[in-house]
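A.B. asks: Just need the structure, nothing else, for what follows:
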Amino acid sequence: MDRLKELALLTYDAYGPFGLALIVITAILFGVQIYYYIRIYAAIPKYKNDMRPQTGPDTPGISVIVPMEDDFLYIDETLPLMLTQAYDEYEVVIVYIGNNQEFAETLEMLSEAHPKLSMTRIKQHPLFPISNKMALNVGIKAAKYDYVVITTPDAKPLSSRWIPLMAKGFSKGDIVLGYCGVEQTPGLAGKMIRTSQMMCGARYLSAAIEKHPFGGVLQNTGFAKRLYFENRGFGFLNMNIGEEDLFMQRIFDGDNVSVVMHPRATVRRKCWGGMKWWYKERKARTHSYKYYPLAAKNFVEWEIGSRALFYFTTLATIVFLPTELKIFAAVLLVARYAVVLRSMNKIAKRLGETGLRGTYFIYDMFSPAADALISVAHKLRPDKEIWR
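C.D. replies: Reported below is the predicted structural model:
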C-alpha cells in the first residue's frame, strides 16, 4: 500500500492531477473489463447444466409453439426438420394468423398426415390485428404437454437433437434458455450481424448462469405452462414485444432457469438484410429495455460503458501523456484484447459460431456507439409498430 502511495505521488508530481486521474481511471476500467471476460462471460464455455439438481421429469412432453402468417417456404424447408426430431413425446403447434385458404388447407392436410403436428387458425381482421402475444396465448392453451418451447417461423433448428436437448433442460428447471444465432451470409455485414447476435446471447446466458436472469430469445425459449397461467399470461399487452424478456422477468426466480448451450441445440434465424435491417430489428426489440429492473440494466451497461470509456481514456493517454505512459496504455489495450479474444473464441465454439474471430475486433470497438445511437433513437423516433 505504501508503495502504491509513493508511486501515486511520483506520478502526480511528474504528470499533474490530469495525468494521475487518467492513469487511475484507465486502470480501473481495464479491471472492470477483465472481470467481465474472465469471470462473467467465461462462465459460458465452462457451464455444465448436468451439475444442477434434477427438478423435473427425465423425458417431459414438449409442445413447440410457432405463430406464423402465410409461409410456404417454412413448410418446405423448416417443418420437415421440426417433425423429425429425435424425441418421442413432442408436438409442433402452428398458430396460423391469416386468411389464405390454400395455406390453411395445406396445414390441415399436413396435420392429418403427421400426428406430431397440430394447427390452430386465427383469421386476421384489418381493424383488429392479431399480435404475436395473442397467437402464442392461443398456442399455449392448445398445447397438450406441460412444457412449451416458443420459436418463430424464420428460425430453423440445426439438428434433430434440438428438442431432446431442450427437453433435457426441463429436467433441471421450469424455464429453459437456449441460443439462437443468425444464418451465415457472405460479406462483412453478415459477420457483424452474427457477432452482434452472439454477444446478445452471451449477455443473457451469462446472466442466467450467474442466477440473475433478465431474458431469453424469442426463437429458442421454453417454460412450464403452469408458470404462464399462474402469472396470467403475457403482460404489457399494449406492446408488440416483450415475450422473451418482460414476461420472462415475471416468472424468473433466479434458480428455476436451466441453460442449454450446445451447437446441436442452437437454432438459426434467417438474415433478412444487411446492417440497416439489423439496426431496425435491434431498435424495435430493445424498446422493452427501459422496463428492465435496475440490476439487469447495470449488468449490461457496466460492460458497454466501461468498454467505451476504456477506449476513450486509453486514446487520451496515448495522445496527451509522455512516452512511458503511452506504453502503459498500449500494454493495457493489448492485454485486454488478448483476454477478450480468448474468451469470445471459447464462447463462439460453445455456441456453434465460426469464422467471427476477426469480426469481433471491429464489433468490440464500434458497438458502444451503435448502442448509444439506438438509445437516442428510442427517445427521438420511437417505433410506432411496437405499440398496439
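
A.B. asks: in the stretch 1-150 of the chain, what spans have low per-residue confidence?
C.D. replies: Counting by pLDDT under 70, the stretch 1-150 of the chain has low-confidence residues at 1-16.

A.B. asks: all helices for it, in order.
C.D. replies: When secondary structure is read from DSSP state H, counting those that start in this stretch, the stretch 1-150 of the chain shows helices at 2-35, 43-46, 72-77, 79-82, 101-113, 132-142.

A.B. asks: what's the most buried one of those helices?
C.D. replies: Mean neighbour count, computed with mean count of other C-beta atoms under 10 Å, is highest for helix 132-142 among the helices of the stretch 1-150 of the chain, reaching a mean of 19. For the C-beta atoms, the positions are set from N, CA and C on the backbone; glycine is no exception.

A.B. asks: which other helices and strands contact that one?
C.D. replies: For helix 132-142, the packing partners by 3 or more C-beta pairs under 8 Å, 6 or more residues apart in numbering; DSSP states H and E come out as strand 62-68, strand 90-97, strand 117-122, strand 147-150.

A.B. asks: re the thing from before, got a markdown table for the helices of the stretch 1-150 of the chain, with distance to Pro57 too?
C.D. replies: Formatted as a markdown table, the entries for the helices of the stretch 1-150 of the chain read as follows, by distance: least, C-beta to C-beta, whole Å:
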| stretch | distance to Pro57 |
| --- | --- |
| helix 2-35 | 38 |
| helix 43-46 | 27 |
| helix 72-77 | 30 |
| helix 79-82 | 22 |
| helix 101-113 | 26 |
| helix 132-142 | 19 |
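
A.B. asks: between those, which gets nearest to Cys200?
C.D. replies: helix 43-46 (12.8 Å; C-beta to C-beta).

A.B. asks: which helices and strands sit right next to the closest one?
C.D. replies: By 3+ C-beta pairs under 8 Å, 6+ apart, helix 43-46 packs against helix 188-209, helix 323-351.

A.B. asks: avg pLDDT for the first one?
C.D. replies: Right, helix 188-209. Model confidence over helix 188-209, given as mean pLDDT, is 96.

A.B. asks: Tell me what angle that helix forms with helix 323-351.
C.D. replies: With axes from the mean of the first three to the mean of the last three C-alpha atoms, to 10 degrees applied, the angle from helix 188-209 to helix 323-351 works out at 80 degrees.

A.B. asks: Would you mark the buried spots in helix 188-209?
C.D. replies: Taking 16 or more other C-beta atoms under 10 Å as the basis for neighbour counts, the residues of helix 188-209 that come out buried are 189-209.

A.B. asks: helices and strands around that helix, which ones?
C.D. replies: Here helix 188-209 is seen to pack against helix 43-46, strand 175-177, strand 180-182, strand 257-259, helix 275-285, helix 294-320, helix 323-351, helix 357-380 when contacts are counted using 3+ C-beta pairs under 8 Å, 6+ apart.

A.B. asks: ok, then the element right after it?
C.D. replies: Proceeding C-terminally, helix 188-209 gives way to strand 221-224 as the next helix or strand, assigned by DSSP states H and E.

A.B. asks: what's the offset of that following strand from the middle of its chain?
C.D. replies: 15 Å (C-alpha atoms, centre = their mean, to the nearest Å).

A.B. asks: What residues of the next helix or strand after that strand count as buried?
C.D. replies: Moving toward the C-terminus from strand 221-224, the first helix or strand encountered (DSSP H and E) is helix 225-230. For helix 225-230, a neighbour-count test (16+ other C-beta under 10 Å) marks Lys225, Leu227, Tyr228 as buried.

A.B. asks: who does helix 225-230 touch, helix- and strand-wise?
C.D. replies: Packing partners of helix 225-230 (3+ C-beta pairs under 8 Å, 6+ apart): strand 147-150.

A.B. asks: CA atoms only for the strand it packs on, dumped as PDB, please.
C.D. replies: Listed next in PDB are the C-alpha coordinates belonging to strand 147-150 (Å, rounded to 0.1, in the frame of the first residue of the first chain):
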ATOM      1  CA  TYR A 147     -43.800 -27.700 -21.200                       C
ATOM      2  CA  VAL A 148     -43.700 -25.300 -24.100                       C
ATOM      3  CA  VAL A 149     -40.900 -24.000 -26.300                       C
ATOM      4  CA  ILE A 150     -41.600 -20.800 -28.300                       C
END
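
A.B. asks: going on from that strand, what's the next piece of helix or strand?
C.D. replies: Per DSSP H and E, strand 147-150 leads on to strand 155-157 as the next helix or strand towards the C-terminus.

A.B. asks: pLDDT on that next one, on average?
C.D. replies: Model confidence over strand 155-157, given as mean pLDDT, is 96.

A.B. asks: Check which element follows that strand along the chain.
C.D. replies: Once the chain leaves strand 155-157, the following helix or strand, as judged by DSSP H and E, is helix 162-170.

A.B. asks: Flag every buried residue along that following helix.
C.D. replies: Of the residues in helix 162-170, Trp162, Ile163, Pro164, Leu165, Met166, Ala167, Lys168, Gly169, Phe170 count as buried by neighbour count, 16+ other C-beta under 10 Å.

A.B. asks: residues contacting the fifth one?
C.D. replies: Applying C-beta atoms under 8 Å, 6 or more residues apart in numbering to Met166 gives the contacts Ile62, Val149, Val176, Gly178, Asn220, Gly222, Val260, Ala265.

A.B. asks: Try it again at 10 Å.
C.D. replies: Applying C-beta atoms under 10 Å, 6 or more residues apart in numbering to Met166 gives the contacts 60, 62, 64, 85, 87, 90, 147, 149, 157, 176-178, 220-222, 258, 260, 265, 267.
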